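> here is the input, now give the coordinates:
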Amino acid sequence: MCVSSTNLIISFHCFYVLQVFESLSFLDFEGCKLLTELPSLSGLVNLGALCLDDCTNLIAIHKSVGFLNKLVLLSTQRCNQLKLLVPNINLPSLESLDMRGCSRLKSFPEVLGVMENIRDVYLDQTSIDKLPVSIGNLVGLERLFLRECKSLTQLPDNICILPKLEIIMVYDCRGFQLFEDQEKVGSKVFPKAMLVCNEGKETLLDVYSLNICANNDIEVRKPLFVSNDFGFVFKGIFEGKVNWYQQGIKESSLCFWFRKKFPQIALCCAGEPPMYKDNMLLDFKLCVLINGTKQFTSSCNYIFSAGSISDQILMCDLVGLPERSFLEHEWNKVEILYELKYPMPRGFERIMANHDRTKTRNPSWSLIYVSGHNKEDVKFLSEFMECKEAERRKETLLGFHHMLKRYGFNWTGL
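Okay, the predicted model is just below:
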């Protein structure tokens with residue numbers, strides 16, 4: 001049985017009548033301007049499709065819609081007054097969820113149960129700024145459409161466990177995949193711990209520690225220093241608390257030595273994204289080894305508008321757990337490894353003609369700053385000779401100063 005807005009008088013009385021239509025399978029209110037609230041549909045136990053497209057005055061949908069066991073299609077296209085679909089969903093039969101064009105939609109429902117039949121979710125042109133971790137319950141999801149989602153800056157880490165998923169952020173092009181093994185997905189979240197500077201805009205991202213490391217004796221925290229104030233770096237170079245690595249390094253790694261406790265350090269690196277015309281995603285992975293053993297691994301991602309000519313600068317603080325101690329009276333070697341990946345859409349070659357198609361990038365530059373620690377217990381050279389150290393500091397200072405000038409930062413400390 002099918003009911004459409006053309007032959008149904010919209011009133012609360014009619015909705016109560018609808019509850020007795022157990023055989024109703026298709027409910028179509030497309031273009032109904034009088035519909036402002038959708039009351040309970042819990043009585044429509046056989047409802048398979050619900051269309052609310054272009055209901056431009058719709059502001060509320062009853063929570064029962066999130067628990068219709070036989071619902072296969074749910075569409076609310078261009079309901080531009082709708083801020084929330086429903087708080088929670090558990091729709092085991094759902095195959096397609098289409099909310100594109102809901103320009104005021106700010107959040108995605110919590111997914112309370114495993115949904116194996118879902119294939120497509122359309123969130124194009126919405127104002128959603130964060131997807132819930134429970135989106136990992138959409139185990140059958142094959143395509144997630146995020147085109148023109150200008151408020152969304154990050155994907156939850158566990159979205160990588162969906163083996164069939166393509167993430168589509170570009171029109172007229174297929175998506176990219178982020179699939180990872182279950183054991184590589186984040187087990188702990190460090191909220192808003194990574195600061196990204198891109199085209200003058202600062203964004204704080206969640207960082208996820210990965211399960212592939214048994215120890216995880218390091219924590220990530222929001223950086224204490226201000227991104228556009230690098231005066232502390234020059235002071236740190238003179239004091240031996242900073243090491244800066246110039247553009248052209250062959251490996252994405254940093255290195256230093258410490259004694260006693262792991263010092264609090266600020267890590268900063270910059271990467272140049274591939275030239276592209278639409279939104280892209282940066283997948284950033286960080287690993288800390290102490291004396292050759294992995295002590296911490298983490299991951300975060302960043303959605304940004306491509307086509308910028310400046311580097312993306314990523315910053316965070318790394319802090320050792322207080323109860324963890326290493327070689328007390330000997331030098332402990334620390335290696336910080338990181339990887340910057342830019343997943344490309346399938347079939348991107350025709351769009352990226354005559355442009356760099358590299359997915360993985362080495363950093364343009366990077367630095368370590370050791371804060372609040374005795375400089376005698378930290379060094380950046382294995383051969384700690386004063387003459388070499390003094391020359392290194394001088395070269396580092398000059399190189400960093402030229403880099404700041406290139407990025408347009410003004411500093412008059414030289």
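> and the residue nearest the centre of the chain, what is it in contact with?
Note on the chain: the residue nearest the mean C-alpha position is Gln154, at 2.4 Å, using C-alpha atoms, centre = their mean. Gln154 is in contact with Lys130, Leu205, Asp206, Cys300, Asn301, Tyr302, Ile303, counting by C-beta atoms under 8 Å, 6 or more residues apart in numbering. C-beta here means a position set from N, CA and C on the backbone, and glycine is covered the same way.
> what about the fourth one, how many neighbours?
Okay, so that is Cys300. 25 (other C-beta atoms under 10 Å).
> quick check: bridge partners of it?
Beta-bridge partners recorded for Cys300 (DSSP bridges): Phe284.
> check the residue nearest to the centre of the chain and give its pLDDT.
At Gln154, the model reports a pLDDT of 95.
> would you say it is within a strand?
No - with DSSP: H, G, I helix; E, B strand; the rest coil as the criterion, Gln154 is assigned coil and is not in a strand.
> could you measure from it over to Pro274?
19 Å (C-beta to C-beta, to the nearest Å).
> and the residue nearest to Lys83 when sequence neighbours are not counted, backbone torsions?
With C-beta to C-beta, 6 or more residues apart in numbering as the criterion, Lys83 has its nearest non-adjacent residue at 5.1 Å, and that residue is Arg104. Note on Arg104: backbone dihedrals following degrees, to the nearest 10 are phi -100, psi 0.
> next, count neighbours for Arg104.
Using other C-beta under 10 Å: Arg104 sits among 13 other residues.
> that one contacts Gln81, correct?
Yes - Arg104 sits in contact with Gln81 when judged by C-beta atoms under 8 Å, with a separation of 6.4 Å.
> ok so, going back, as JSON lines, the contacts of Gln154 with secondary structure would be great.
JSON lines is the format used below for the contacts of Gln154 (three-state DSSP):
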{"residue": "Lys130", "secondary structure": "coil"}
{"residue": "Leu205", "secondary structure": "strand"}
{"residue": "Asp206", "secondary structure": "strand"}
{"residue": "Cys300", "secondary structure": "strand"}
{"residue": "Asn301", "secondary structure": "strand"}
{"residue": "Tyr302", "secondary structure": "strand"}
{"residue": "Ile303", "secondary structure": "strand"}
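> how about the helices in the stretch 251-400 of the chain?
Shown for the stretch 251-400 of the chain, the helices assigned by DSSP state H, counting those that start in this stretch span residues 386-406.
> which regions of it sit below the pLDDT cut-off?
251-252, 276-277, 307-309, 323-325, 327-329, 347-358, 372-375, 381-397, 399-400 (pLDDT under 70).
> hang on, the earlier thing: just list the residues touching the residue nearest to Lys83, thanks.
Arg104 neighbours (C-beta under 8 Å, 6+ apart): Asn80, Gln81, Leu82, Lys83, Ser127.
> among the residues you listed, who's most crowded?
Most surrounded of the contacts of Arg104: other C-beta under 10 Å gives Leu82, at 23 neighbours.
> please tell me how far that residue sits from Pro345.
To Pro345, Leu82 is 29 Å away according to C-beta to C-beta.
> could you do Leu58 as well?
Remark: distance between Leu58 and Pro345 (C-beta to C-beta) = 33 Å.
> who does Leu205 form a beta bridge with?
Met194.
> hang on, isn't it packed against Leu155?
No - applying C-beta under 8 Å, one finds Leu205 not in contact with Leu155, separated by 10.3 Å.
> what do these two both touch?
Shared contacts of Leu205 and Leu155, counting by C-beta under 8 Å, 6+ apart, come down to Asn301.
> how does this structure divide into domains?
1-152, 194-406 (automatic domain parsing).
> may I see those domains arranged in a markdown table, with distance to Arg174 as well?
Below are the domains of the chain laid out as a markdown table (distance: least, C-beta to C-beta, whole Å):
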| stretch | distance to Arg174 |
| --- | --- |
| domain 1-152 | 9 |
| domain 194-406 | 4 |
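> among the ones you listed, which is nearest Leu162?
domain 1-152 (5.4 Å; C-beta to C-beta).
> can you give the distance of that closest one from its chain's centre?
Using C-alpha atoms, centre = their mean, to the nearest Å, the mean C-alpha position of domain 1-152 is found 25 Å from that of the whole chain.
> please report how far Leu41 lies from Cys79.
Taking C-beta to C-beta as the criterion, Leu41 is separated from Cys79 by 16 Å.
> more crowded one of those two?
Cys79 (25 against 21).
> okay, the more buried one and Cys149: tell me how far apart.
In terms of C-beta to C-beta, Cys79 sits 16 Å off from Cys149.
> tell me which stretches of the stretch 101-250 of the chain form helices.
Under the criterion DSSP H, counting those that start in this stretch, the stretch 101-250 of the chain contains helices at 231-239.
> from memory Thr360 sits against Glu339, does it?
Yes - the pair Thr360 and Glu339 passes the contact test of C-beta under 8 Å, sitting 6.6 Å apart.
> can you tell me the closest non-neighbouring residue to Leu178?
Nearest to Leu178 is Cys160, by C-beta to C-beta, 6+ apart, at 4.6 Å.
> tell me, how many residues neighbour the one you found?
That count, for Cys160 with other C-beta under 10 Å as the rule, works out to 23.
> find the residue closest to Asp224 in space, skipping its chain neighbours.
I think there's a mix-up here, since residue 224 is Leu and not Asp. Asp317 (6.3 Å).
> what's the pLDDT at Lys83?
For Lys83, pLDDT reads 95.
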